Structure formats: structure tokens, C-alpha cells
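Visitor: coordinates only, no sequence provided:
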């Protein structure tokens, strides 16, 4: 039963947010409602529903409304609010992340309808992430706006040093993003944003579950005046869910992470920095096996280091945001686990050093952004690249790096934004040059536009239409150019991929209902893929090639309901979300051709989730995804098989208190062991995890 409220005070409702410290909250002396609700709509949630903390709204009617500006989004080079943005950016909030039954960012992205997540191992052990029919090499991954992509390969780019609990949001931009993020963003971008906690404190978590899974993590945050520093660390491991033919472990894993981040802010500048390391080893099972090489005891070990410093000026006619970064990726690949005499281990070390300057200024004609980036990518290897003039010793071994490749990428961008009452037009270009293959300076233009049909920037209900045309490119990875091993043959003369894309759509946002629909066309030239000609029989190998062209046609639609706004007298139902995507690709694959990536894509993907308030502080979340993949794979008997559609269900129950939370999660509830996400790679059945998290407050 609901208790009556007596002597109810006047309620103030805040509809929008800005990155400012509103100390007024602490002294209002009245109830404050934050009416922008963060609902778990993983493909439709927009930046307007994101804040640095999790706020909840109720159905109380507002007597007075106070309007704050939106939080900034990153769909363009110049910072724009959500109401101004010409391009739609999907934002996964902190609340979305906390409520999902996942243990990694990789797992979380499975519920985003426009993203194809193909896992070779559980809990993000090794994951290929792509968008809109692309490959794992064609998207750019950023950590706090810094490009952390590995030019060696896209397979391990998601080995992040951060914990889910310290991510405040994940921004997803679908479609070519060269104008906003530079090279590598051929079909989209994912920006993972972290930030130290708002006040001093600490928290720790412990969870365990099926197949010997165990994970522990801890974090401490110290805030003193304008300085804020946070340090976190974690360790996780699992025995794996399958064994090799010889009965040995073949998809077990163990690894640790450590991440330090900090910031300083005053009236003039905002300074931020981060440094992290992710170290992990895992049984690769049949991850890279082929009919000609049926190894099922492969193993990999990677160590990744991330560092960056960013400065942002807060005053002056021209706002500047320079940054410098260094990322290092080291790996050891064992074709036969612990058997170097049977096959030599492959060692690689890739160092990426870069610096960038982004800037913008406002004038009578709008907002103009300009800047440049210099990025050097250097690989030393035992099996990739050209012969080195001087070898480099491989630490901890009796071997040397004898091969390598080095390239420097230079880019410059210019963008102008026309900001009218209802209309926003954002146009510009990125100019790119690479020392690899003597590539000439090439310009990739783009334009985005949006028009608000209904409502204004402060309205609770808005309807917006949008359209975009963008171009981008991607340079071949070093693996695509030089990988030559049993069953694989790379081509060092691959051309860079290029993409041109059109998209139109509409978006409605209201307190009780959010909806979005878009259609798009991607035209890709010189698309890179690994293919096999099965007509060659035992002589067939995987070859890296440029496809002449690939045309992708698609549509996406999503719907989110807030039951507390629709039916304010009930408290059991919270939110429901449903989204669907459809893709069709037109390309000349040729007879008897099997593809690893570019010719395989999700024709259909349907995701949904339902959030429940079961009893008091007991929350329930039910997630479902159904997908149907186009393409074939060749099993170890030489038979060509099609991918069959499948559906998976995940659930989470949690009890949340201010200082602690308890939870239990189950993935693949109905124990589906027959689905194939990637050819010849087994998948786990039901996986149950239980855990707890405790929070400390420090004065």
C-alpha cells in the first residue's frame, strides 16, 4: 500500500544536465526530482539520459521546472549537447552496465542491436566486435577518447584494463566515423569513458561460479580539493568449459588488471590522465584451427599497457584539448600448448605513440572545430613484417625479434557546425596520409543534419529526423599483411579499405516512450577478408584479399517503455526494451568461397530486456537475443555448413543496499550447447555466477 504524503513541499524537476558542479543541490531544502530517467535501452538510450551518478525519477507532478543544459556527446569533433547533435550516438549508462548479467564489456555489447559480438571464449576471453556487417578490424575502440586499437590485429583490442564498475558510460557511434575519430573507424566507433568517483571512498567485489570461475577486484579513490586519484585492480580465472581430444584444458583462462586514473580541475583547465595494464593467458582451443590444421590445444598470452594525458582549456576564444598517449601490446601465441619443439611460439610487440590536438571556437556563423593527430605504429615480431636491420631480444627467452614493420599516420580535420533553433548541420572532412606504401594525402568528407519537428530543447517530448553522409578508411592490420602459418597466407600488398555511407532516420523521446528507426546504405571498396576456396580440397588455405566492393543495406528499429511513467500506481514493472536490426549485403563472393569475416554477417538480430522490481530492494532483469547469421563454415571433416539461427536468455537477480549489493546471474539459461557463433569453436552451456560488492565511504 502507498502511504499518504502530508505537508508535501514544492518539487523542482531538472530535465537536463551540464558538466558543472551545482552546489545548489546541497542547500535547496526541498525535494529534487531528476526527471531524465536512465533506462536500460542498450540500443536506443541517448546522452540525455546519462549522468555521472544514477538518478531515479518518480511520478510526482512538477510544480516548478528548472532547466539545465544537456551533457555533451561525442558524435562530432566539436562538443555538442544531445539536443544540438546532428548525429545519433547510442549511450550505455552506468545503470545499464550495473543491471546487465555480464562480466565484461564484450558481454555487455552483445545486447546492443547494431553490434555483432562473436566470442571464442567466455567472459570476453577473446572476442571479435563489429558493426553493421563489418569486421572486427573496421571499428575504432577508444578509452576516454584515446584510440587504443592494435594495428597488429583486432582480435584482442577489448583486453581492457578497467572494470565494469568504474565505467560511467559507453558511447557507440554507428557508421563511418573518420571525421570524428580518424582512421580505423570504417563502420563505427566505441568510446569507453571512465572517471574517478566524485568523493573519497573504496569498494570491493567478489564473485564465483560455474567451471571454476572466480573473480576479485578492489578500488580506492582519494579526492582532495581539486585533485582526484583512483586506483583499481582485479584478478579472474576459470577452468574452462571444454577439454581437448586428449582430455587437457583448452579454454581455461586467468588474468589480472590494474588501472590508475586521475584528474585536476580549476577555472582555467581540466587535466586528466590514466595508466593501466591488462595481463591475461588463455587456452585458445580451436580458435584459429582449420580443416588442414585441427589443433585443439592452442594457447595465447597477452600483456597490454595503456597511458594517456589530456588537457582541456575552459576559457578563451579558442578552446584547446591536446593529448599524448603510448600503448604497448605484447603477445605470445602457442600453436601447440607448452610444445615449442613441435611449433615455435610466435612473439610480437607493438608500440603505438601518438599526439593529438582538438580545438574549437564559436562565432556568428556557428561552431568550428579543427585539429590534427600524429600516430606512429611500430611492430617487432618473430613472424610478421619485413627483416629488421638490427634484431631485438625477446625478454625471458633465448630468441630475438627478427622481423618488423613501422608506419606513421598523419591526419588533420576541419568541421563546422551550424546551430539553429530546430536545425543542426555539421559538415567537414578528415585528411589522412600514411607512410605505409607511400600513401598520398586523401580527404574523406562528411555531413550530418538533424531537424527537430516537435518540441524544443527543453521539452519532455521531442521528435527529430536526421540524415548523414560520411566517408572513412582503414589501413590493413599487420596480421592481414604478413601472417603466414599453417593454413594461412597473407598479402603484404593489400590496399586500404574505404567506406561511403548514407543514413536517414527519426527519433522520438518522451518520459514514457522512446523510439528510433533508421535505414542505411554502406558502400565499401577494397574490403579486406580472409577467404578459403574449398574447391582446392586439402590444398585450400585461408588467404587475405581485397574484395572489389561490398554493398550493405540495413534497417534498425528500437522501442523503450517506462512502465513507471505509463502506470504510476504500480511498482513491479520498471522498463521494457525491444530492438531489431536487418542487414543485406550484395557482393561477388565467387563459387566455393568461404569467408571468415566480411562475407559473414547478422542478417537478423533481435534483442529485448525486461526490468522488474520484484520485492522491496530485490531487482530482476531478463535479457534475450536472437540472431540469424549469413555465411558458411567448414567443419574439420571438410563439410561446408551454414550458420543456424539461435536464441539465448540471460537473467540477473540483485539485492541493492547503499553500502552493499548481492546478486546472482545465469547466462544461457536454457543450456543451449548447439549454437555456433564462430565455426568450429565450442560454446558453453548454462553459466551461473554469484557475487557481492561492498562500498566504503571515507571522510
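Guide: Structure received. Every value quoted in this text rests on a predicted model; they were computed, and no experiment measured them. Numbering: from 1, shown residues only.

Visitor: now stretch 302-317, how far from the chain's geometric center?
Guide: In this view, stretch 302-317 has its centroid 19 Å away from the chain centroid, taken as Cα atoms, centre = their mean, to the nearest Å.

Visitor: what mean pLDDT does that stretch get?
Guide: Throughout stretch 302-317, pLDDT has a mean value of 96.

Visitor: before we move on, what about stretch 526-540?
Guide: On average, stretch 526-540 scores 81.

Visitor: all helices of the chain, in order?
Guide: Counting by DSSP state H, the chain has these helices, from start to end: 94-99, 105-109, 178-181, 478-482, 563-566.

Visitor: for residue 292, find the nearest of those helices.
Guide: helix 478-482 (18.6 Å; Cβ to Cβ). (C-beta placed from N, C-alpha, C; glycine too.)

Visitor: packing partners for the closest one?
Guide: Of the remaining helices and strands, those touching helix 478-482 by 3 or more Cβ pairs under 8 Å, 6 or more residues apart in numbering; DSSP states H and E are strand 366-381, strand 400-419.

Visitor: note down every partner strand of the longest one and its orientation.
Guide: Under the criterion DSSP bridges, strand 400-419 sits next to strand 366-381 (antiparallel), strand 386-393 (antiparallel), strand 423-434 (antiparallel) in its sheet.

Visitor: give the contact list for the closest residue to residue 254 other than its chain neighbours.
Guide: Excluding the flanking residues, the one nearest residue 254 by Cβ to Cβ, 6 or more residues apart in numbering is residue 237, at 3.7 Å. Contacts for residue 237 (Cβ atoms under 8 Å, 6 or more residues apart in numbering) come out as 212, 213, 214, 215, 252, 253, 254, 255.

Visitor: beta partners of the residue nearest the centre of the chain?
Guide: By Cα atoms, centre = their mean, the chain has its centre lying nearest to residue 190, at 4.1 Å. Under the criterion DSSP bridges, residue 190 forms beta bridges with residue 141, residue 172.

Visitor: and it, what pLDDT?
Guide: We note a pLDDT of 93 for residue 190 in this prediction.

Visitor: distance of the residue lying closest to residue 356 once chain neighbours are set aside from residue 476?
Guide: Excluding the flanking residues, the one nearest residue 356 by Cβ to Cβ, 6+ apart is residue 373, at 4.0 Å. Distance, residue 373 to residue 476, using Cβ to Cβ, to the nearest Å: 19 Å.

Visitor: correct me, but the residue nearest to residue 356 touches residue 325?
Guide: No: with contact defined as Cβ atoms under 8 Å, residue 373 and residue 325 do not form a contacting pair (10.2 Å).

Visitor: which residues do those two both contact?
Guide: In contact with both residue 373 and residue 325: 354, 355, using Cβ under 8 Å, 6+ apart.

Visitor: give me the number of residues near residue 555?
Guide: By other Cβ atoms under 10 Å, 14 other residues sit near residue 555.

Visitor: ok, the one 3 residues further on next?
Guide: Around residue 558 sit 24 other residues, with neighbours defined as other Cβ under 10 Å.

Visitor: isn't it right next to residue 576, touching?
Guide: No: in this structure residue 558 lies outside contact range of residue 576 using Cβ under 8 Å: 11.5 Å.

Visitor: just to revisit the earlier point, buried deepest among the helices of the chain, which one?
Guide: Of all these, helix 178-181 has the most neighbours on average by mean count of other Cβ atoms under 10 Å, namely a mean of 28.

Visitor: and it, what does it pack onto?
Guide: strand 423-434, strand 442-454, strand 462-474.

Visitor: now mean pLDDT too, for those strands, in CSV please.
Guide: Below are the helices and strands packed on helix 178-181 laid out as CSV (pLDDT from 0 to 100):
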stretch, mean pLDDT
strand 423-434, 94
strand 442-454, 94
strand 462-474, 94
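
Visitor: Serialize those to a markdown table and add fields for distance to residue 109 and mean neighbour count.
Guide: Output for the helices and strands packed on helix 178-181, formatted as a markdown table (distance: least, Cβ to Cβ, whole Å; neighbours: other Cβ atoms under 10 Å):
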| stretch | distance to residue 109 | mean neighbour count |
| --- | --- | --- |
| strand 423-434 | 25 | 20 |
| strand 442-454 | 24 | 18 |
| strand 462-474 | 20 | 21 |
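
Visitor: want to try TSV for those, with distance to residue 640 as columns?
Guide: Listed next are those as TSV, based on distance: least, Cβ to Cβ, whole Å:
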stretch	distance to residue 640
strand 423-434	37
strand 442-454	38
strand 462-474	29
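
Visitor: closest to residue 124 out of the ones you listed?
Guide: Here strand 462-474 is closest among the helices and strands packed on helix 178-181 (Cβ to Cβ), at 22.9 Å.

Visitor: what pairs with that closest one, parallel or antiparallel?
Guide: Using DSSP bridges, strand 462-474 pairs in its sheet with strand 442-454 (antiparallel), strand 497-509 (antiparallel).

Visitor: what pLDDT does the residue nearest to residue 356 get?
Guide: 96.

Visitor: then the one 10 residues further on?
Guide: According to the prediction, residue 383 has pLDDT 90.

Visitor: quick one: buried residues of stretch 613-624?
Guide: 613, 619, 620, 621, 622, 623, 624 (16 or more other Cβ atoms under 10 Å).

Visitor: next: stretch 605-615.
Guide: For stretch 605-615, the neighbour count (16+ other Cβ under 10 Å) marks 605, 606, 607, 608, 609, 610, 611, 612, 613 as buried.

Visitor: and residue 373 and residue 476? Which one has more around it.
Guide: Neighbour count, other Cβ under 10 Å: between residue 373 and residue 476, residue 476 has more, with 24 against 21.

Visitor: distance check, the residue nearest to that one when sequence neighbours are not counted against residue 543.
Guide: Leaving aside its sequence neighbours, residue 476 sits nearest to residue 494 (Cβ to Cβ, 6+ apart; 4.2 Å). From residue 494 over to residue 543 the distance is 11 Å, taken as Cβ to Cβ.

Visitor: more neighbours: which of those two?
Guide: The neighbour comparison of residue 494 against residue 543 (other Cβ under 10 Å) goes to residue 494, with 18 against 14.

Visitor: now stretch 689-698: average pLDDT?
Guide: 93.

Visitor: which residues touch that stretch?
Guide: 101, 103, 165, 199-210, 213, 215, 222, 658-667.

Visitor: give me the buried subset of those residues.
Guide: By 16+ other Cβ under 10 Å, the contacts of stretch 689-698 give 101, 103, 165, 200-205, 207, 209-210, 213, 215, 222, 661-667 as buried.

Visitor: from the residues you listed, which land in strands?
Guide: Secondary structure assignment by DSSP state E places 201-205, 207, 209, 213, 215, 222, 661-667 of those in strands.

Visitor: helices and strands of the chain: which one bottoms out on pLDDT?
Guide: strand 64-66 (a mean of 33; mean pLDDT, DSSP states H and E).
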